[in-house]
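Visitor: test case, fold it:
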Amino acid sequence: MVGREIAGALSSCGMEVILAGSRKSLGRYRGMGVPRFGGFLEVTSRRYTFGWWCEKLSLHIRGYEIDGDLLARRIRRKVAGGEDVHIVTNYPQYIPPPHKAAGAMDILVYDLNWLHFPENYRNPARTEAWMGGWVEAARMIFAISEFTRREIVEHYGVAPENTAVVRPAVPGDAVHLQEGTVSEDVLARYGLKAGGYFYCPGSLRPHKGIDVLCGALEQAASEVKVALTGWGVDMKVEPEKWPFREYLEAQLPRLRRLRDEGKLLPLGFLDRKDQLLLASQAKAFVLPSRYEGYGLGVAEAIGLGRPLVCSEIAPFVEVLRSYPHYSAYRLFPPGESEALATILSEAEFPMRPHDATGAEGWSWQKAAEAMLAVWAEDEGCRKV
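Guide: Sure, this is the predicted structure:
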(Lines give C-alpha, C1' and ligand atoms only; values in the text may rest on other atoms or scores of the structure.)
Protein backbone atom coordinates (compact mmCIF):
# COMPACT_ATOMS: atom_id res chain seq x y z
CA MET A 1 0.00 0.00 0.00
CA VAL A 2 2.67 2.55 1.03
CA GLY A 3 4.96 1.78 -1.92
CA ARG A 4 2.10 1.85 -4.40
CA GLU A 5 0.68 5.16 -3.20
CA ILE A 6 3.99 7.02 -2.93
CA ALA A 7 5.07 5.70 -6.34
CA GLY A 8 1.83 6.94 -7.86
CA ALA A 9 2.22 10.35 -6.24
CA LEU A 10 5.81 10.67 -7.46
CA SER A 11 4.79 9.73 -11.00
CA SER A 12 2.07 12.38 -10.94
CA CYS A 13 4.82 14.93 -10.17
CA GLY A 14 6.37 14.14 -13.55
CA MET A 15 9.11 11.81 -12.31
CA GLU A 16 10.14 8.52 -13.75
CA VAL A 17 8.97 5.64 -11.61
CA ILE A 18 10.42 2.16 -12.06
CA LEU A 19 8.74 -0.49 -9.96
CA ALA A 20 9.91 -4.07 -9.55
CA GLY A 21 7.98 -6.61 -7.53
CA SER A 22 6.24 -9.94 -7.53
CA ARG A 23 3.62 -10.61 -10.19
CA LYS A 24 0.87 -10.14 -7.61
CA SER A 25 2.25 -6.90 -6.22
CA LEU A 26 2.88 -5.38 -9.65
CA GLY A 27 -0.65 -6.23 -10.69
CA ARG A 28 -1.88 -3.71 -8.13
CA TYR A 29 -0.28 -0.89 -10.08
CA ARG A 30 -2.34 -1.39 -13.21
CA GLY A 31 -5.07 0.83 -11.80
CA MET A 32 -2.69 3.78 -12.09
CA GLY A 33 -2.77 3.57 -15.87
CA VAL A 34 1.02 3.35 -15.95
CA PRO A 35 2.47 1.77 -19.13
CA ARG A 36 4.53 -1.40 -18.79
CA PHE A 37 8.17 -1.76 -19.78
CA GLY A 38 9.34 -5.36 -19.73
CA GLY A 39 8.82 -6.45 -16.14
CA PHE A 40 8.69 -2.89 -14.87
CA LEU A 41 6.04 -0.24 -14.76
CA GLU A 42 7.24 3.10 -16.02
CA VAL A 43 6.10 6.68 -16.49
CA THR A 44 7.73 9.56 -18.36
CA SER A 45 11.08 10.61 -17.03
CA ARG A 46 12.66 13.71 -15.74
CA ARG A 47 15.01 13.39 -12.87
CA TYR A 48 14.22 10.86 -10.19
CA THR A 49 13.66 7.14 -10.02
CA PHE A 50 11.69 5.23 -7.43
CA GLY A 51 12.83 1.61 -7.46
CA TRP A 52 10.73 -0.87 -5.52
CA TRP A 53 11.80 -4.39 -4.60
CA CYS A 54 9.42 -6.71 -2.84
CA GLU A 55 10.69 -9.75 -0.90
CA LYS A 56 13.21 -10.92 -3.50
CA LEU A 57 15.60 -9.31 -5.92
CA SER A 58 15.05 -12.13 -8.39
CA LEU A 59 11.50 -11.76 -9.65
CA HIS A 60 9.41 -13.64 -12.18
CA ILE A 61 6.89 -11.54 -14.05
CA ARG A 62 4.93 -13.07 -16.92
CA GLY A 63 7.57 -15.78 -17.14
CA TYR A 64 10.40 -13.29 -17.59
CA GLU A 65 13.01 -13.00 -14.86
CA ILE A 66 13.74 -9.48 -13.64
CA ASP A 67 16.65 -9.12 -11.22
CA GLY A 68 18.67 -6.43 -9.53
CA ASP A 69 21.41 -6.55 -12.19
CA LEU A 70 18.92 -5.67 -14.91
CA LEU A 71 17.67 -2.73 -12.88
CA ALA A 72 21.25 -1.58 -12.22
CA ARG A 73 22.15 -1.80 -15.92
CA ARG A 74 19.11 0.24 -16.89
CA ILE A 75 20.02 2.91 -14.35
CA ARG A 76 23.65 2.99 -15.52
CA ARG A 77 22.48 3.60 -19.09
CA LYS A 78 20.48 6.59 -17.88
CA VAL A 79 23.50 7.97 -15.97
CA ALA A 80 25.73 7.44 -19.01
CA GLY A 81 23.24 9.49 -21.00
CA GLY A 82 23.73 12.42 -18.66
CA GLU A 83 20.70 11.88 -16.43
CA ASP A 84 20.87 12.19 -12.65
CA VAL A 85 19.18 9.39 -10.76
CA HIS A 86 17.89 8.80 -7.25
CA ILE A 87 16.95 5.28 -6.26
CA VAL A 88 14.67 4.58 -3.31
CA THR A 89 14.35 0.95 -2.32
CA ASN A 90 11.29 0.14 -0.25
CA TYR A 91 11.30 -2.52 2.49
CA PRO A 92 8.17 -4.32 3.62
CA GLN A 93 8.47 -7.29 6.01
CA TYR A 94 11.18 -9.01 3.98
CA ILE A 95 14.53 -7.45 3.17
CA PRO A 96 16.74 -8.46 0.22
CA PRO A 97 20.52 -8.66 0.59
CA PRO A 98 22.40 -5.44 -0.19
CA HIS A 99 22.88 -5.23 -3.94
CA LYS A 100 26.39 -3.89 -4.59
CA ALA A 101 25.86 -3.52 -8.33
CA ALA A 102 23.30 -0.79 -7.75
CA GLY A 103 25.72 1.38 -5.77
CA ALA A 104 24.69 3.95 -3.18
CA MET A 105 21.01 4.75 -2.93
CA ASP A 106 18.34 6.27 -0.73
CA ILE A 107 16.15 3.79 1.15
CA LEU A 108 12.61 3.89 2.51
CA VAL A 109 12.20 1.89 5.72
CA TYR A 110 8.89 0.78 7.25
CA ASP A 111 10.07 -0.55 10.60
CA LEU A 112 12.70 -2.64 12.39
CA ASN A 113 10.32 -5.47 13.17
CA TRP A 114 12.97 -8.19 13.49
CA LEU A 115 14.57 -6.44 16.47
CA HIS A 116 11.36 -6.64 18.50
CA PHE A 117 9.78 -9.79 17.11
CA PRO A 118 12.57 -12.01 15.79
CA GLU A 119 10.08 -14.89 15.66
CA ASN A 120 8.54 -13.24 12.58
CA TYR A 121 11.69 -14.14 10.63
CA ARG A 122 13.41 -17.37 9.72
CA ASN A 123 16.79 -15.74 10.19
CA PRO A 124 16.51 -12.43 12.07
CA ALA A 125 20.29 -12.13 12.45
CA ARG A 126 20.72 -12.27 8.67
CA THR A 127 17.89 -9.75 8.19
CA GLU A 128 19.63 -7.40 10.62
CA ALA A 129 22.96 -7.83 8.82
CA TRP A 130 21.35 -7.09 5.45
CA MET A 131 19.57 -4.01 6.72
CA GLY A 132 22.82 -2.85 8.30
CA GLY A 133 24.42 -3.12 4.86
CA TRP A 134 21.70 -1.04 3.22
CA VAL A 135 21.84 1.59 5.97
CA GLU A 136 25.62 1.84 5.72
CA ALA A 137 25.47 2.34 1.95
CA ALA A 138 22.53 4.74 1.94
CA ARG A 139 23.08 8.46 1.80
CA MET A 140 19.52 9.36 2.77
CA ILE A 141 17.18 7.14 4.79
CA PHE A 142 13.47 7.85 4.58
CA ALA A 143 11.28 6.46 7.37
CA ILE A 144 7.48 6.27 7.34
CA SER A 145 7.19 7.72 10.86
CA GLU A 146 9.15 9.75 13.36
CA PHE A 147 9.10 6.67 15.58
CA THR A 148 10.85 4.56 12.92
CA ARG A 149 13.29 7.37 12.15
CA ARG A 150 14.33 7.55 15.82
CA GLU A 151 14.75 3.77 15.95
CA ILE A 152 17.04 3.87 12.91
CA VAL A 153 19.13 6.72 14.34
CA GLU A 154 19.47 5.08 17.76
CA HIS A 155 20.05 1.51 16.60
CA TYR A 156 22.40 2.10 13.68
CA GLY A 157 24.06 5.29 14.88
CA VAL A 158 22.96 7.15 11.76
CA ALA A 159 23.42 10.92 11.69
CA PRO A 160 19.94 12.46 12.14
CA GLU A 161 20.54 14.83 9.20
CA ASN A 162 20.82 11.78 6.94
CA THR A 163 17.28 10.71 7.79
CA ALA A 164 13.86 12.12 6.91
CA VAL A 165 10.23 11.21 7.51
CA VAL A 166 7.78 10.68 4.67
CA ARG A 167 4.58 9.88 6.48
CA PRO A 168 1.95 7.82 4.62
CA ALA A 169 -1.44 9.40 4.04
CA VAL A 170 -4.91 7.99 4.47
CA PRO A 171 -5.60 5.62 1.54
CA GLY A 172 -7.38 7.66 -1.10
CA ASP A 173 -10.22 5.19 -1.57
CA ALA A 174 -11.02 5.48 2.16
CA VAL A 175 -11.12 9.28 2.10
CA HIS A 176 -13.46 9.36 -0.89
CA LEU A 177 -15.85 6.64 0.18
CA GLN A 178 -19.25 8.31 0.21
CA GLU A 179 -21.94 7.88 2.81
CA GLY A 180 -24.77 5.62 1.69
CA THR A 181 -22.65 3.49 -0.64
CA VAL A 182 -23.12 0.41 1.53
CA SER A 183 -26.00 -1.83 0.60
CA GLU A 184 -27.65 -4.11 3.10
CA ASP A 185 -26.85 -6.94 0.71
CA VAL A 186 -23.11 -6.52 1.26
CA LEU A 187 -23.47 -6.60 5.03
CA ALA A 188 -25.91 -9.51 4.86
CA ARG A 189 -23.45 -11.49 2.75
CA TYR A 190 -21.07 -11.48 5.70
CA GLY A 191 -23.74 -11.90 8.37
CA LEU A 192 -23.29 -8.36 9.69
CA LYS A 193 -25.46 -5.38 10.61
CA ALA A 194 -24.37 -1.75 10.49
CA GLY A 195 -22.95 -0.70 13.84
CA GLY A 196 -23.25 -4.21 15.23
CA TYR A 197 -19.60 -5.26 15.08
CA PHE A 198 -16.05 -4.06 15.57
CA TYR A 199 -13.63 -4.18 12.65
CA CYS A 200 -10.08 -5.52 12.96
CA PRO A 201 -7.85 -5.53 9.84
CA GLY A 202 -5.71 -8.36 11.08
CA SER A 203 -2.63 -10.42 10.57
CA LEU A 204 -1.67 -13.39 12.69
CA ARG A 205 1.93 -12.27 13.13
CA PRO A 206 2.83 -11.91 16.82
CA HIS A 207 3.41 -8.15 16.73
CA LYS A 208 -0.19 -7.54 15.62
CA GLY A 209 -1.49 -8.60 19.04
CA ILE A 210 -4.09 -11.12 17.96
CA ASP A 211 -3.54 -12.88 21.30
CA VAL A 212 -4.53 -9.63 23.03
CA LEU A 213 -7.73 -9.56 20.99
CA CYS A 214 -8.45 -13.18 21.90
CA GLY A 215 -7.97 -12.45 25.59
CA ALA A 216 -10.26 -9.42 25.35
CA LEU A 217 -13.03 -11.33 23.58
CA GLU A 218 -12.81 -14.12 26.14
CA GLN A 219 -13.55 -11.53 28.85
CA ALA A 220 -15.87 -9.16 26.98
CA ALA A 221 -19.65 -9.08 27.15
CA SER A 222 -21.42 -11.76 25.16
CA GLU A 223 -22.82 -9.32 22.59
CA VAL A 224 -19.37 -8.08 21.52
CA LYS A 225 -18.56 -9.19 17.99
CA VAL A 226 -15.37 -8.55 15.99
CA ALA A 227 -15.04 -8.96 12.22
CA LEU A 228 -11.47 -10.01 11.50
CA THR A 229 -10.09 -9.66 7.99
CA GLY A 230 -6.91 -11.21 6.69
CA TRP A 231 -5.65 -14.70 7.34
CA GLY A 232 -8.16 -17.48 7.88
CA VAL A 233 -8.38 -19.25 11.21
CA ASP A 234 -8.58 -22.74 9.67
CA MET A 235 -5.17 -22.43 8.06
CA LYS A 236 -2.70 -25.27 8.25
CA VAL A 237 0.44 -24.42 10.22
CA GLU A 238 3.39 -25.64 8.19
CA PRO A 239 6.67 -25.70 10.20
CA GLU A 240 8.81 -24.85 7.19
CA LYS A 241 6.57 -21.91 6.23
CA TRP A 242 5.75 -20.19 9.50
CA PRO A 243 8.74 -19.21 11.69
CA PHE A 244 6.22 -18.14 14.36
CA ARG A 245 4.38 -21.47 14.25
CA GLU A 246 4.37 -21.86 18.05
CA TYR A 247 2.44 -18.61 18.32
CA LEU A 248 -0.01 -19.71 15.61
CA GLU A 249 -0.50 -23.12 17.21
CA ALA A 250 -1.40 -21.41 20.48
CA GLN A 251 -3.73 -18.76 19.02
CA LEU A 252 -5.60 -20.57 16.24
CA PRO A 253 -7.59 -22.82 18.64
CA ARG A 254 -8.63 -19.71 20.61
CA LEU A 255 -9.72 -17.95 17.42
CA ARG A 256 -11.74 -20.97 16.30
CA ARG A 257 -13.41 -21.25 19.70
CA LEU A 258 -14.33 -17.56 19.65
CA ARG A 259 -15.68 -18.03 16.12
CA ASP A 260 -17.86 -20.91 17.29
CA GLU A 261 -19.11 -18.75 20.17
CA GLY A 262 -20.11 -16.02 17.72
CA LYS A 263 -17.75 -13.39 19.10
CA LEU A 264 -15.36 -13.52 16.18
CA LEU A 265 -16.20 -13.43 12.49
CA PRO A 266 -13.06 -14.36 10.51
CA LEU A 267 -13.76 -13.05 7.01
CA GLY A 268 -10.45 -13.91 5.33
CA PHE A 269 -8.97 -11.72 2.62
CA LEU A 270 -11.61 -9.45 1.15
CA ASP A 271 -12.00 -7.54 -2.05
CA ARG A 272 -10.84 -3.98 -1.31
CA LYS A 273 -14.28 -2.54 -2.02
CA ASP A 274 -16.00 -4.94 0.38
CA GLN A 275 -13.29 -4.34 2.95
CA LEU A 276 -13.88 -0.59 2.86
CA LEU A 277 -17.65 -0.94 2.93
CA LEU A 278 -17.54 -3.21 5.98
CA ALA A 279 -15.02 -0.99 7.74
CA SER A 280 -17.18 2.09 7.12
CA GLN A 281 -20.17 0.50 8.86
CA ALA A 282 -18.35 -0.91 11.90
CA LYS A 283 -19.01 0.26 15.42
CA ALA A 284 -15.30 1.03 15.70
CA PHE A 285 -11.89 -0.11 14.45
CA VAL A 286 -9.89 -2.32 16.83
CA LEU A 287 -6.07 -2.33 16.54
CA PRO A 288 -4.38 -4.35 19.32
CA SER A 289 -0.82 -4.22 17.93
CA ARG A 290 2.22 -4.43 20.19
CA TYR A 291 4.53 -2.95 17.55
CA GLU A 292 4.15 -1.11 14.23
CA GLY A 293 6.25 1.19 12.10
CA TYR A 294 3.23 3.36 11.37
CA GLY A 295 -0.50 3.35 12.05
CA LEU A 296 -2.09 2.91 8.63
CA GLY A 297 -5.17 1.35 10.26
CA VAL A 298 -5.44 4.41 12.50
CA ALA A 299 -5.27 6.69 9.46
CA GLU A 300 -7.89 4.61 7.67
CA ALA A 301 -10.30 4.84 10.61
CA ILE A 302 -9.88 8.62 10.53
CA GLY A 303 -10.38 8.71 6.76
CA LEU A 304 -13.60 6.72 7.04
CA GLY A 305 -14.84 8.80 9.97
CA ARG A 306 -15.10 5.80 12.31
CA PRO A 307 -14.30 5.52 16.03
CA LEU A 308 -11.11 3.72 17.01
CA VAL A 309 -9.88 1.51 19.83
CA CYS A 310 -6.13 0.96 19.71
CA SER A 311 -3.11 0.11 21.81
CA GLU A 312 -1.14 3.07 23.12
CA ILE A 313 2.02 2.48 21.12
CA ALA A 314 4.16 5.36 19.84
CA PRO A 315 3.35 5.08 16.09
CA PHE A 316 -0.41 5.04 16.74
CA VAL A 317 -0.18 8.06 19.03
CA GLU A 318 1.98 9.83 16.44
CA VAL A 319 -0.71 9.40 13.78
CA LEU A 320 -3.47 10.57 16.14
CA ARG A 321 -1.49 13.71 16.94
CA SER A 322 -1.17 14.35 13.20
CA TYR A 323 -4.97 14.70 12.99
CA PRO A 324 -5.86 16.90 15.97
CA HIS A 325 -9.45 17.36 14.77
CA TYR A 326 -10.12 13.65 15.43
CA SER A 327 -10.99 12.66 18.99
CA ALA A 328 -13.18 9.56 18.61
CA TYR A 329 -10.59 7.12 19.92
CA ARG A 330 -9.88 5.11 23.04
CA LEU A 331 -6.40 3.92 23.97
CA PHE A 332 -5.43 0.94 26.11
CA PRO A 333 -2.02 -0.22 27.37
CA PRO A 334 -0.38 -2.56 24.83
CA GLY A 335 -0.79 -6.21 25.72
CA GLU A 336 -3.54 -5.66 28.31
CA SER A 337 -6.53 -7.74 27.24
CA GLU A 338 -8.60 -6.84 30.29
CA ALA A 339 -8.42 -3.12 29.49
CA LEU A 340 -9.42 -3.82 25.88
CA ALA A 341 -12.31 -6.04 27.02
CA THR A 342 -13.65 -3.22 29.21
CA ILE A 343 -13.63 -0.77 26.30
CA LEU A 344 -15.24 -3.22 23.86
CA SER A 345 -18.01 -3.96 26.35
CA GLU A 346 -19.06 -0.31 26.61
CA ALA A 347 -22.32 0.42 24.87
CA GLU A 348 -21.57 3.61 22.94
CA PHE A 349 -18.81 4.93 20.70
CA PRO A 350 -20.06 8.40 19.80
CA MET A 351 -18.72 10.36 16.83
CA ARG A 352 -18.65 14.12 17.21
CA PRO A 353 -19.44 15.99 13.96
CA HIS A 354 -15.85 17.21 13.47
CA ASP A 355 -14.49 13.67 13.95
CA ALA A 356 -16.17 12.51 10.74
CA THR A 357 -14.64 15.16 8.48
CA GLY A 358 -12.09 12.70 7.10
CA ALA A 359 -8.34 13.15 6.83
CA GLU A 360 -7.73 15.29 3.80
CA GLY A 361 -5.08 17.40 5.53
CA TRP A 362 -2.25 15.09 4.53
CA SER A 363 -2.22 13.44 1.12
CA TRP A 364 0.01 11.08 -0.84
CA GLN A 365 0.78 14.03 -3.08
CA LYS A 366 2.16 15.89 -0.07
CA ALA A 367 4.13 12.80 0.93
CA ALA A 368 5.76 12.77 -2.51
CA GLU A 369 6.44 16.50 -2.28
CA ALA A 370 8.12 15.98 1.10
CA MET A 371 10.43 13.42 -0.50
CA LEU A 372 11.14 15.81 -3.39
CA ALA A 373 11.97 18.58 -0.94
CA VAL A 374 14.63 16.41 0.68
CA TRP A 375 16.13 15.53 -2.71
CA ALA A 376 16.12 19.17 -3.77
CA GLU A 377 18.32 20.04 -0.80
CA ASP A 378 20.95 17.45 -1.82
CA GLU A 379 24.14 18.66 -3.48
CA GLY A 380 23.41 16.81 -6.69
CA CYS A 381 21.79 13.41 -7.17
CA ARG A 382 23.20 10.03 -6.38
CA LYS A 383 25.51 8.71 -9.07
CA VAL A 384 25.13 4.99 -9.69
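Visitor: Ile107: what secondary structure?
Guide: Ile107 carries the three-state label strand when classified by DSSP: H, G, I helix; E, B strand; the rest coil.
Visitor: for it, which residues make a bridge with it?
Guide: Taking DSSP bridges, one obtains Thr89, Ile141 as the residues bridged to Ile107.
Visitor: unless I'm mixing things up, it is touching Ala138, no?
Guide: Yes: in this structure, Ile107 sits in contact with Ala138. The criterion is CB atoms under 8 Å, and the distance is 4.7 Å. Every C-beta, even on glycine, is put in place using the N, C-alpha and C of the backbone.
Visitor: what touches both of those two?
Guide: Common contacts of Ile107 and Ala138, defined by CB atoms under 8 Å, 6 or more residues apart in numbering, are absent altogether.
Visitor: of the two, who's got more company?
Guide: The residue with more neighbours, out of Ile107 and Ala138 and counting by other CB atoms under 10 Å, is Ala138; that gives 25 against 21.
Visitor: from Tyr156, how far off is the more buried one?
Guide: From Ala138 across to Tyr156, the span is 10 Å (CB to CB, to the nearest Å).
Visitor: since we're on Tyr294, how many residues are nearby?
Guide: Count around Tyr294 with other CB under 10 Å applied: 22.
Visitor: next one: Trp130
Guide: Trp130 has 18 neighbouring residues, counting by other CB under 10 Å.
Visitor: ok, Ala9 next?
Guide: Ala9, neighbours per other CB under 10 Å, totals 24.
Visitor: and stretch 319-329, which residues are buried?
Guide: Along stretch 319-329, these residues count as buried under the neighbour rule (16 or more other CB atoms under 10 Å): 319-320, 322-323, 326, 328-329.
Visitor: ok, of those residues, which one's closest to Lys283?
Guide: Using CB to CB, Ala328 is the member of those that lies nearest Lys283, at 11.3 Å.
Visitor: pretty sure that closest one is touching Arg352, no?
Guide: Yes: taking CB under 8 Å as the definition, Ala328 is a contact partner of Arg352 at 6.6 Å.
Visitor: give me the below-cutoff pLDDT ranges for the stretch 1-150 of the chain.
Guide: Within the stretch 1-150 of the chain, the segments meeting pLDDT under 70 span 1-4, 7-8, 11, 14-105.
Visitor: neighbouring contacts of the longest helix seen in the chain?
Guide: Among all segments of the chain classified by DSSP state H, the helix with the greatest residue count is helix 245-260. Residues outside helix 245-260 that contact it (CB under 8 Å, 6+ apart) are 119, 204, 206, 210-211, 214, 217-218, 228, 233-235, 237-239, 242, 264-266.
Visitor: if you set the cut-off to 10 Å instead, what comes out?
Guide: Taking CB atoms under 10 Å, 6 or more residues apart in numbering as the criterion, the residues outside helix 245-260 that touch it are 117, 119-120, 202, 204-206, 210-211, 213-215, 217-218, 220, 225-226, 228, 231-239, 242, 244, 263-266.
Visitor: can you say which of those are buried?
Guide: For the contacts of helix 245-260, a burial check counting by 16+ other CB under 10 Å picks out 117, 119-120, 202, 204-206, 210-211, 213-215, 217, 220, 225-226, 228, 231, 233, 242, 244, 263-266.
Visitor: tell me the domain ranges of this protein?
Guide: Annotated domains of the chain cover 2-169+364-377, 176-356 [automatic domain parsing].
Visitor: and stretch 116-127, which residues are buried?
Guide: Within stretch 116-127, the residues scored as buried using 16+ other CB under 10 Å are 117-121, 124, 127.
Visitor: show me what it is in contact with.
Guide: The contact list for stretch 116-127, computed with CB under 10 Å, 6+ apart, reads 91, 93-95, 97, 111-115, 128-130, 151, 205-208, 240-247, 290-291.
Visitor: now with 7 Å?
Guide: 95, 113-114, 205-207, 243-244, 247, 291 (CB atoms under 7 Å, 6 or more residues apart in numbering).
Visitor: okay, how far is it across it, tip to tip?
Guide: 13 Å (CA to CA, to the nearest Å).
Visitor: what of stretch 238-252?
Guide: Its first and final residues considered, stretch 238-252 spans 13 Å by CA to CA.
Visitor: any buried residues in it, and which?
Guide: By neighbour count on 16+ other CB under 10 Å, the buried set for stretch 238-252 is 242-244, 247-248, 251-252.
Visitor: ends of stretch 117-127, what's the gap?
Guide: End-to-end for stretch 117-127, by CA to CA: 12 Å.
Visitor: apologies, that question was intended for stretch 252-269.
Guide: Taking CA to CA as the criterion, the two ends of stretch 252-269 lie 17 Å apart.
Visitor: tell me the mean pLDDT for that stretch?
Guide: The average pLDDT within stretch 252-269 is 93.
Visitor: on that earlier part again, what's the farthest-apart pair in the buried residues of stretch 116-127?
Guide: Checked with CB to CB, the buried residues of stretch 116-127 reach their widest spread between Glu119 and Thr127, with 12.2 Å between them.
Visitor: how close does Cys200 sit to Gly157?
Guide: Distance of Cys200 to Gly157, given as CB to CB: 37 Å.
Visitor: more crowded one of those two?
Guide: A direct count of neighbours by other CB under 10 Å for Cys200 and Gly157 places Cys200 higher, at 28 against 8.
Visitor: any idea which element the more buried one lies in?
Guide: Secondary structure assignment for Cys200, by DSSP states H and E: strand 198-201.
Visitor: and Val153, that's in a strand?
Guide: No: secondary structure assignment (three-state DSSP) places Val153 in helix, not in a strand.
Visitor: ok, now which ones touch it?
Guide: Applying CB under 7 Å, 6+ apart, the residues contacting Val153 are 160, 163.
Visitor: go on, Ala370?
Guide: For Ala370, the contacting residues are Val166, taking CB under 7 Å, 6+ apart as the criterion.
Visitor: would you mind measuring from it to Leu228?
Guide: The separation that Ala370 has from Leu228, given CB to CB, amounts to 34 Å.
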